[in-house]
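> just the structure for this:
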Amino acid sequence: MSENTERTVAPAAPPGSVPAQRTARQRRPTGAPPPLPHPVRLSTTAWLVLAVVIVACAFLFSAETPWLRVDDRANTWILRLLAQARTPWLTDVAGGIKAAGSGWGVTVLGLSVVALTMIFRRWRHLLVFLGSLFFLEIAGQLIYFGLSRPRPYGISIISGWGGYSAPSPPVAVLTVFLMGAVYCLVVPGRPRAWAKAVVAAVVALFCLARLYLAVDHPDDVLFAVALGVAIPVTAFRWFTPNEVFPVVYRRGRTAHVDVGGRRGDAIRLAIRDQLGLAVLEIKPFGLESSAGSTPLRLRVEGGPDEYVFAKLYTKGHVRADRWYKLSRTILYGYLEDEHPFQTVRRLAEYEDYTLRLLRDAGIHTAQPYGIVEITPEREYMIVTEFFDGAVEIGHADVGDEVIDQGLRLIRKLWDAGIAHRDIKPGNLMIRDGELLLIDVAFVQVRPSPWRQAVDLGNMMLVLAVRSDPDRVYQRALRYFTPAELSEAFAATRGVASPGQLRAFMKKDPRDLLGTFRALAPPREPIVLQRWGLRRIALALAVPASLLLTWMVAGDAFFPAENIGAHPPLCGTGHAMILVAQAVPSAAQLPCVSDLPSGWRVGGADIASGRSVFWLDSDQAGPRAVTVTLSAACDVSSIQAEPSDQPGTRRFDGPPTVGTRLTGLRIYTFPGGCASYRLDFAPGASSLLIPALDGMVTFVPRARLVNYVRAREGLTLCGRGAPCPR
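Got it, this is the predicted structure:
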């Protein structure tokens, strides 16, 4: 510790206020790290930076001719080096690896990750995984269509492909699925490190196979790997950090975080500096009855049996509480007192406040010792008195004195205008015959009458579980009127009782609630379901959001070899170059020219061996004309006609007029043919057919070959421009 470190020594505590010896407290200087800094690792930042740099460079290189020329020539040089190793058997192996990594096998992999994550009930991890796919799908398509990069130049492509090349969709999808499997299913530590090494080897082998076949540029696969790693790694480390949501294969609540390792050291440091207590031992305590925090028993310096109690709250607890209350709003309606906390700090502050408020009201609860900051805005701990020797009421003998204490406790809460809102066996302790109340994080000041009635009903049910309902009811008449008791059991029903209490009642062979209702004056049940605009809106918005996420992210579960391309507009654009690469033998390439009013391009599908685009019409309907470029066509059954396109021969099939007008026109030329298939909507006029002559024309392949050679100094492989294999 530096001699210049600022120190603030706490004033002496009043006698008996703290059971342990305090040491000098220490204020954290400005700029000093907190006890447990937020875990954004260097590797996470590195992947993010790499992804951003690659995206920026990709758009820069595609926009600036000198940079594009350097980049494409460097890529071609690497691909030619790999092509020197081509042999028939190695080509077969590479083709098999490519098929395995971009076909339905990847779909099975992705769905298996989803299924196993659901089986192990890691819902946060599943949500982050699907969110990563959603973001990758959106961001990836924007980049993909923004770059619209053709396939490699100057090298023969010896395997099938579809669409543009950058970033490589199959590589990105395989990478994100494998990273999802690592972070959803593999235990952190050495197993996850080994799993990452295996993933790196698999992805590297898949990328190498695609480069060997020359279907991608080297920077295409690098780009895809960067996106496929950066997006899920950042999401998992930010939203499901190992310290809060570890992947474990043991029973227990997800609310209970690991308090060993770095977090354990941080807890000791924070309590020493902020409260002046030296922690000797940290042990989880009462986990079975806690679902909203991590309860701990801390042995502190000052004696062999000096303990304090602590509750560790994390951002995950706040998020879980928010989702829990959102689901309750959808299922049961909006309850006026169920407002989620927005920050961890506010949750800790509120519990510390309610502890002091209850003690002022004469309620026997734990004495607060202070709030400890572990990670700013993410993890806080509230430290209180530890009830040594106390047992939960669910495991204690309950006599008349304890029953009276429980009923008087509720009466005091009513008189003070307070509701506990979580009366259950786990929150009622007995020590030396005295009833103690704990877990006051959800106490409400000036609650609704309904909530006060629920507190009374739950308290009587807790007491009846360990005694007799008739005796509890008779003693309750000393503190409450019959009308108040009737109201309590009209309000206490279903989810108004905590889950632990409902579990105790389910195990009890007696009908405790029915007995109390029979003893109390009759009253109509108080309706729990509350309908309103908020509930209806949430009930519609949440499923719609999940459906939208699944629809967008779900596309990633299908083979991603071809996700589309821009329609080929006549000229020297990327789509036209891609068409030339799709059918490298074709001397002429069909393209969209001037469309008359009422016609528009519907879409395009460009892949190795064919190029398809279609035109929609407001009169002839969708896909009224489909134009397909291929290497060969069968024209034996149709009649030759004078061609209106230079360098081509034209063949027309007779139009068929029925419910729909259909027809076929084929243009042939050296190395290929283009077929026009007409499929007009019912009622469409045949007078629309002559408009085809100006809508679709041809660009000579030689024009594109010369353009690529002049712009980049490379060869657009195919007819008239052979490339090495």
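
> alpha carbons only for contacts and neighbour counts from here, please
Will do.

> so residue 526 touches residue 494, yeah?
No: contact between residue 526 and residue 494 fails when scored by Cα atoms under 8 Å: they sit 11.3 Å apart.

> these two: who's more crowded?
Taking neighbours as other Cα atoms under 10 Å, residue 526 and residue 494 compare with residue 526 leading, 14 against 10.

> show me the contacts for the more buried one.
490-491 (Cα atoms under 8 Å, 6 or more residues apart in numbering).

> how about it, secondary structure?
coil (DSSP: H, G, I helix; E, B strand; the rest coil).

> from residue 450, how far off is it?
8 Å (Cα to Cα, to the nearest Å).

> shared neighbours of these two, which are they?
Counting by Cα under 8 Å, 6+ apart, the residues touching both residue 526 and residue 450 are residue 491.

> the helix or strand containing residue 699: which residues count as buried?
Residue 699 is part of strand 696-700 when elements are defined by DSSP states H and E. Within strand 696-700, the residues scored as buried using 16 or more other Cα atoms under 10 Å are 696-700.

> out of those, who's nearest residue 158?
When these are compared for distance to residue 158 (Cα to Cα), residue 700 wins out at 23.9 Å.

> please tell me how far the closest one sits from residue 245.
60 Å.

> and what of residue 118?
From residue 118 to residue 245 the distance is 15 Å (Cα to Cα).

> higher neighbour count, these two?
residue 245 (20 against 14).

> tell me the pLDDT of that one.
Looking at residue 245, its pLDDT is 76.

> so it makes contact with residue 236?
No: using Cα under 8 Å, residue 245 is not in contact with residue 236; the gap is 9.7 Å.

> how about stretch 76-96: buried residues?
76, 79-80, 82-83, 91, 94-95.

> how about it as CSV, C-alpha atoms only?
Taking C-alpha atoms only, stretch 76-96 is exported to CSV below (Å, rounded to 0.1, in the frame of the first residue of the first chain):
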residue,chain,number,x,y,z
THR,A,76,-5.1,-13.7,-55.7
TRP,A,77,-1.4,-14.2,-54.9
ILE,A,78,-2.3,-16.2,-51.8
LEU,A,79,-5.0,-18.3,-53.6
ARG,A,80,-2.6,-19.1,-56.4
LEU,A,81,-0.1,-20.4,-53.8
LEU,A,82,-2.7,-22.7,-52.4
ALA,A,83,-3.8,-23.8,-55.9
GLN,A,84,-0.3,-25.1,-56.5
ALA,A,85,-1.1,-27.9,-54.0
ARG,A,86,-4.3,-29.0,-55.8
THR,A,87,-4.6,-32.7,-56.4
PRO,A,88,-7.7,-34.8,-57.1
TRP,A,89,-7.8,-36.5,-53.7
LEU,A,90,-7.1,-33.2,-51.8
THR,A,91,-9.8,-31.5,-53.9
ASP,A,92,-12.3,-34.2,-52.8
VAL,A,93,-11.3,-33.8,-49.2
ALA,A,94,-11.7,-30.0,-49.3
GLY,A,95,-15.0,-30.3,-51.0
GLY,A,96,-16.2,-32.7,-48.3
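
> which SS class is residue 232?
Strictly by three-state DSSP, residue 232 counts as helix.

> name the nearest residue to it, sequence neighbours excluded.
residue 132 (5.4 Å; Cα to Cα, 6 or more residues apart in numbering).

> for the one you found, give me its contacts.
231-232, 235.

> let's see that with 10 Å instead.
126, 138, 176-177, 180, 228, 230-236, 553 (Cα atoms under 10 Å, 6 or more residues apart in numbering).

> in this structure residue 281 contacts residue 309, no?
No: checked against Cα atoms under 10 Å, the pair residue 281 and residue 309 is beyond contact range at 11.7 Å.

> who's more crowded, the two?
The neighbour count for residue 281 versus residue 309, taken as other Cα under 10 Å, is higher for residue 309 (24 against 14).

> note down every partner strand of the helix or strand hosting that one and its orientation.
Assessed by DSSP H and E, residue 309 sits inside strand 307-314. Within its sheet, and counting by DSSP bridges, strand 307-314 is paired with strand 294-300 (antiparallel), strand 379-385 (antiparallel).

> and the first one, average pLDDT?
Yep, that's strand 294-300 we're talking about. 88.

> just the CA coordinates of it, formatted as CSV?
In CSV, the C-alpha atoms belonging to strand 294-300 read as follows (Å, rounded to 0.1, in the frame of the first residue of the first chain):
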residue,chain,number,x,y,z
THR,A,294,-26.6,-14.7,-2.8
PRO,A,295,-26.9,-14.9,1.0
LEU,A,296,-23.5,-15.3,2.9
ARG,A,297,-22.3,-15.9,6.4
LEU,A,298,-19.0,-14.1,7.0
ARG,A,299,-16.7,-14.9,9.9
VAL,A,300,-14.9,-11.8,10.9
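
> which parts of that strand are buried?
Those would be 294-300, for strand 294-300 by 16+ other Cα under 10 Å.

> which residue of this protein sits farthest from its center?
residue 642 (59.6 Å; Cα atoms, centre = their mean).

> could you check which helix or strand contains the residue nearest to that residue when sequence neighbours are not counted?
Spatial nearest neighbour of residue 642, excluding adjacent residues (Cα to Cα, 6+ apart): residue 650 at 6.3 Å. In the assignment (DSSP H and E), residue 650 maps to strand 649-657.

> ok, and what's touching that strand?
Against strand 649-657 from outside (Cα under 10 Å, 6+ apart): 635-644, 661-670, 673-680, 682, 686, 689.

> go again with 6 Å.
638-641, 643, 662-668 (Cα atoms under 6 Å, 6 or more residues apart in numbering).

> which among the residues you listed gets closest to residue 514?
Looking across those and measuring by Cα to Cα, the closest to residue 514 is residue 662, at 74.2 Å.

> got a list of what the closest one touches?
Counting by Cα under 6 Å, 6+ apart, residue 662 has contacts 655-656, 678-679.

> show me which of those is closest to residue 391.
Looking across those and measuring by Cα to Cα, the closest to residue 391 is residue 679, at 79.9 Å.

> tell me how far that closest one lies from residue 384.
Counting by Cα to Cα - residue 679 and residue 384 are separated by 78 Å.

> what's the closest non-adjacent residue to residue 152?
residue 217 (6.0 Å).

> that neighbour and residue 140: what is the separation?
Distance, residue 217 to residue 140, using Cα to Cα: 17 Å.

> circling back: of the contacts of residue 662, buried ones?
Buried among those (16+ other Cα under 10 Å): 678-679.

> CSV for the contacts of residue 662, including distance to residue 207?
Below are the contacts of residue 662 laid out as CSV (distance: Cα to Cα, whole Å):
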residue, distance to residue 207
655, 48
656, 49
678, 41
679, 41
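
> right, I'll leave it there.
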